[in-house]
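Enquirer: take this sequence and fold it.
(2 chains)
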Amino acid sequence: MAWFKRSKENISTNEPKKDLSDGNWFKCPDCSEMIHKKTIESNFYVCTHCGHHFRIGSEEYFKLLLDENSFKETDKKIRAVDPLDFEDTKPYKKRIEDTINKTDLYDAIRTGTAKINTIDVVIGCMDFAFIGGSMGSVVGEKISRAIDKAIKTKYPLILISSSGGARMMEGAISLMQLAKTSSKLAKLNNEKIPYISILTNPTTGGSTASFSMLGDLNIAEPKALIAFAGPRVVKQATGKDLPPGFQKSEFLLEHGFIDLIVNRKDMKDKLTQILKLLQN
Amino acid sequence: MAVQNYLEIEKPIITLENKIKEMRKMSDQLDISHEISKLEERINELRKEIFSNLTPWQIVQLARHPERPYSLDYIYLMTENFVELHGDRHFGDDKAIVGGFANLDGRTVMFIGQQKGRDTKSNIYRNFGMPNPEGYRKALRLMKLAEKFNKPVITLVDTPGAFPGIEAEERGQAEAIAKNLYEMSSLQVPIIVAIIGEGASGGALGIGVGDKILMLKYCWYSVISPESCSSILWRSWDFKEQAAESLKLTAKDMLDLKIIDRIVEEPEGGAHRDHEEAAKLLKKALIEELDSVSKIKKDKFLDNRIKKFGEMGFFKD
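Expert: A predicted model of the protein is given here:
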C-alpha cells in the first residue's frame, strides 16, 4: 500500500486552463490564486477568491472613494529636501529624485478636497510606493495643511494611512512630524470637526504612533498590519512566538483600538453613512 | 567617585587618574606633589582634547554610560519633598516611567521621567528604561493631575525606545504615544522637557512635547537608534558609527535644526563624573526656562507650543 493516497478532489480537469500569457495576471499573495488585472480592478483590488486586499496607491483609492472629478489636489508639488545631507547606500537626494521619476508622485501623501456622495471632505491618502510611505517633512506639512483646510472649510477630515513609519533619512526632523501632526489634530478637535482615520496594510511606526491612531473613528481594512513595532522587531526583541493574527486589523479590533473593519468595496457607503450621521 | 565602568575613549584619562591614586599612596614616604599636580594638569588637557573631538558614536556611548545620572538621581539632587506617584489607573504601574510632585526652588512641579536601572537586577525591574503603554498613560495621568492643580510639568527623557513587546502591542503602544503627543500639545500648564540621556524615537517623544526642549551636552535624540538604522538601511549592524554620523543626532545638531532650544552643559568629562554638578547645571537651566515660560500668558504659550512644532520640517514649496 502506498504511504500517501492521492486526493482526487484536488485534481480538477474540468476547469478551463487560464491563459497567463498576456502579462496581466496577478498572483494573490494570500491564496495564490491567479487573477486577471481587469478582474481585480473591477473588484476594488480585492482578491475574488479569498478577499485579500491588494495594496493600492492614492490614485486608485481616490477613484473608488470619491465622486467623479471631485478631487481637487492641494499642495501637490511640495517636495522633500535633504536637510541632513543623508547618505546610506544611496544619497537621500538621489533617492527622492529616483522615486519621483519612478512613481510619478512627489512624496508619500496626496491631499486635497473632494466629495463623497456629494458630501464635502478634506482628504489625504498615503502612497506606500514612495519610500515605503514614510513620513518626513513633506508628509507632516501636507497633513498639517490639510488639517488647516478642514478647520477653515469645516469639512470633515479623512486620512488614509499606508506607511512604514517615520522617514529615517530626515532623522529627528521626521520624528518631530509625529508631534506636528498630533498637535494640529488637537486643534481640529477643539473645532469639533470630525476626523476619520482609515488604516490600510501596512500602518506602522511613526504614523501609527501619531495621526493614524488619533481618529475620532479609526477604520481598518481587513487583515491590515497595524503596529507600533513591526512583527519582525517584536519577535527579535522578545524571542517569543507571536500569537496568531498578531497586529492584524481583527486583533486590534479585539483589543479595542479600532472602531470597525470595513471591506474596501463597502468603504464609500460606510463613510457616507457615518458622515451623514455626524452631520444630522 | 570611584570609576568602575568606563568607555574606551575614557581609558587614557582613567589610566592617568589611577596612576595619581597610586602616587598619592606613596606620597607619605616621598614628596611628589609636584609630579602629581603636573599629572593632573596633563589629565585636564587630555580630557579637553578628547571631549572636544567626540564623534557622534562616542556621544551615543556617553549618553548610555552606565554611571550616568538617571531621572530619579536628578529629581532627588534637584528637588525637595519628592513624592513618587504610581499607576495609570487602568492596567498597572510601569517601572520604566517615574513621576510625582516635588519642590523645585520653592515651587511645586510635576516631574515625569524615564528610568533606567543601574545593574542587571534593577535594569530588569525598570525594563531597561523602555516603557510599556501603561507608562505613557501613567505619565499622561500625572500631567493631567498637574494641569488640574495648575502646576508646571518637567519631563526627563532617557530611553532606548518604547518597549517592542507582544503585550505592549496588545495594549496599544502606538495609541498611548499618539495620545500623549496630542494631549501634551494642549496641556494647560507649562511643560519643560530635558533630554538627559538617550532620546530614542517615539518612545522618547511620548513624554517630549513641551514649551522648551533642553538637551544635555552628551545626549542623542533621533528617529531611530544608530544600530537599528544601520540594520535597516545598510542591512547590517556594522554601520552604526556611520549611521550615528548620518542621523545628525547630537545636541549641537538638534540646536542647529531648531529641534531643541538649549544645550545644558555637563561637568568636565560628562555627567557621570559628577552627579551633583550635573544636577546643579540642569536645575539652573530648568528654573530659568520655567521662569521664562511662566511669564507668558497661558493662551500665548499654548499657541507658541503648537506653532513651535508646526514649524518643524524642511521642504520645497
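
Enquirer: give me the most central residue, the chain.
Expert: Answering for chain A, as no chain was given. Centroid check for chain A by Cα atoms, centre = their mean gives residue A:162 as the closest residue, at 2.7 Å.

Enquirer: ah, I was thinking of chain B
Expert: Note: chain B centre (Cα atoms, centre = their mean) maps to residue B:196, 1.7 Å.

Enquirer: could you chop the chain up by domain?
Expert: This is for chain A. A:1-54, A:56-279 (automatic domain parsing).

Enquirer: switch to chain B, that's the one I care about
Expert: Split by automatic domain parsing, chain B gives B:8-53, B:58-310.

Enquirer: how far off centre is the longest one?
Expert: Going back to what we said before, that points to domain B:58-310. 6 Å (Cα atoms, centre = their mean, to the nearest Å).

Enquirer: and residue 210, what pLDDT?
Expert: You didn't say which chain, so I picked chain A. If you check residue A:210, the pLDDT there is 98.

Enquirer: not what I meant, chain B
Expert: For residue B:210, pLDDT reads 98.

Enquirer: not counting its neighbours along the chain, what's nearest it?
Expert: residue B:191 (3.4 Å; Cβ to Cβ, 6 or more residues apart in numbering or on different chains). Any C-beta I mention is one placed from the backbone N, CA and C, and that applies to glycine too.

Enquirer: how many residues are close by the one you found?
Expert: Using other Cβ atoms under 10 Å in any protein chain shown, the number of residues around residue B:191 comes to 27.

Enquirer: now the closest residue to chain B within the stretch 1-150 of chain A: closest residue in space, sequence neighbours ignored.
Expert: Minimum separation of the stretch 1-150 of chain A from chain B (Cβ to the nearest Cβ) falls at residue A:137, amounting to 3.4 Å. Among residues not flanking residue A:137 along the chain, residue B:313 sits closest, at 3.4 Å (Cβ to Cβ, 6+ apart).

Enquirer: helices and strands around the helix or strand where residue B:17 lies, which ones?
Expert: Taking DSSP states H and E as the definition, residue B:17 sits inside helix B:11-26. Contact here means 3 or more Cβ pairs under 8 Å, 6 or more residues apart in numbering or on different chains; DSSP states H and E; on that basis helix B:11-26 packs against helix B:33-52.

Enquirer: how about the helix it packs on: buried residues?
Expert: B:36, B:39, B:43, B:47, B:50, B:51 (16 or more other Cβ atoms under 10 Å in any protein chain shown).

Enquirer: in a markdown table: these, plus distance to residue A:157 and pLDDT.
Expert: As requested, the buried residues of helix B:33-52 are arranged in a markdown table below (distance: Cβ to Cβ, whole Å; pLDDT from 0 to 100):
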| residue | distance to residue A:157 | pLDDT |
| --- | --- | --- |
| B:36 | 69 | 88 |
| B:39 | 66 | 90 |
| B:43 | 60 | 92 |
| B:47 | 54 | 91 |
| B:50 | 52 | 91 |
| B:51 | 49 | 92 |
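
Enquirer: what sits closest to residue A:220 if chain neighbours are left out?
Expert: Once flanking residues are discounted, residue A:220 sits nearest to residue A:249: 3.8 Å by Cβ to Cβ, 6+ apart.

Enquirer: how about that neighbour, what does it touch?
Expert: By Cβ atoms under 8 Å, 6 or more residues apart in numbering or on different chains, residue A:249 lies in contact with A:199, A:220, A:221, A:222, A:223, A:224, A:226, A:258, A:261.

Enquirer: looking at those residues, spot the one nearest residue A:59.
Expert: Of all these, residue A:59 sits closest to residue A:221, with 16.9 Å by Cβ to Cβ.

Enquirer: who's in contact with that closest one?
Expert: Counting by Cβ under 8 Å, 6+ apart, residue A:221 touches A:53, A:198, A:199, A:200, A:201, A:249, A:261, A:262, A:263, A:264, A:267.

Enquirer: right, and the fifth one touches residue A:223 too?
Expert: Yes - with contacts defined as Cβ atoms under 8 Å, residue A:201 counts as touching residue A:223 at a distance of 7.0 Å.

Enquirer: hmm, back to that, now render the buried residues of helix B:33-52 as TSV, adding distance to chain A.
Expert: Formatted as TSV, those follow (distance: Cβ to the nearest Cβ, whole Å):
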residue	distance to chain A
B:36	44
B:39	41
B:43	34
B:47	28
B:50	25
B:51	23
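
Enquirer: roughly how far does the residue nearest to residue A:220 sit from residue B:163?
Expert: 23 Å (Cβ to Cβ, to the nearest Å).

Enquirer: then residue A:254?
Expert: When residue A:254 is compared with residue B:163 (using Cβ to Cβ), they lie 21 Å apart.

Enquirer: how far off centre is the longest helix anywhere in chain A?
Expert: The residue-count maximum for a helix in chain A (DSSP state H) belongs to helix A:171-190. With Cα atoms, centre = their mean as the basis, helix A:171-190 stands 19 Å off its chain's centre.

Enquirer: C-terminal to it, what's the next element?
Expert: On the C-terminal side of helix A:171-190, the closest following helix or strand by DSSP H and E is strand A:195-204.

Enquirer: that following strand packs against which elements?
Expert: strand A:157-163, helix A:171-190, strand A:217-220, strand A:226-227, helix A:267-279.

Enquirer: ok, now with 6 Å
Expert: The contact analysis (3 or more Cβ pairs under 6 Å, 6 or more residues apart in numbering or on different chains; DSSP states H and E) places strand A:195-204 against strand A:157-163, strand A:217-220, strand A:226-227.

Enquirer: got a pLDDT number for residue B:34?
Expert: pLDDT, residue B:34: 87.

Enquirer: thinking again about what came up before, beta-bridge partners for the residue nearest to residue B:210, please?
Expert: For residue B:191, the beta-bridge partners are residue B:153 (DSSP bridges).

Enquirer: is it true that it touches residue B:212?
Expert: No - contact criterion Cβ atoms under 6 Å: residue B:191 and residue B:212 do not qualify, at 8.2 Å.

Enquirer: can you select the buried ones from the contacts of residue A:221 in PyMOL?
Expert: Buried subset of those, written as a PyMOL selection, criterion 16+ other Cβ under 10 Å:
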select buried, chain A and resi 53+198+199+200+201+249+261+262+264+267
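
Enquirer: number of residues surrounding the closest residue to residue A:65 other than its chain neighbours?
Expert: In this structure, residue A:65 finds its nearest non-sequential neighbour in residue A:268, 5.3 Å apart by Cβ to Cβ, 6+ apart. Applying other Cβ under 10 Å, we find 17 residues neighbouring residue A:268.

Enquirer: quick one: residue A:268 from residue A:73, how far?
Expert: According to Cβ to Cβ, residue A:268 stands 19 Å off from residue A:73.

Enquirer: what does chain A put close to chain B?
Expert: Residues of chain A found near chain B (Cβ under 6 Å from any Cβ of the partner chain) are A:78-79, A:81, A:83-84, A:86, A:88, A:137-138, A:140-141, A:166, A:168, A:171-172, A:174-176, A:178-180, A:182-183, A:186, A:208-210, A:213-214, A:228-229, A:233-234, A:237-238, A:247, A:255, A:257.

Enquirer: among these, which ones are buried?
Expert: Buried by 16+ other Cβ under 10 Å: A:78, A:81, A:83-84, A:86, A:88, A:137-138, A:140-141, A:166, A:168, A:171-172, A:174-176, A:178-180, A:182-183, A:186, A:208-210, A:213-214, A:228-229, A:233-234, A:237-238, A:247, A:257, out of these.
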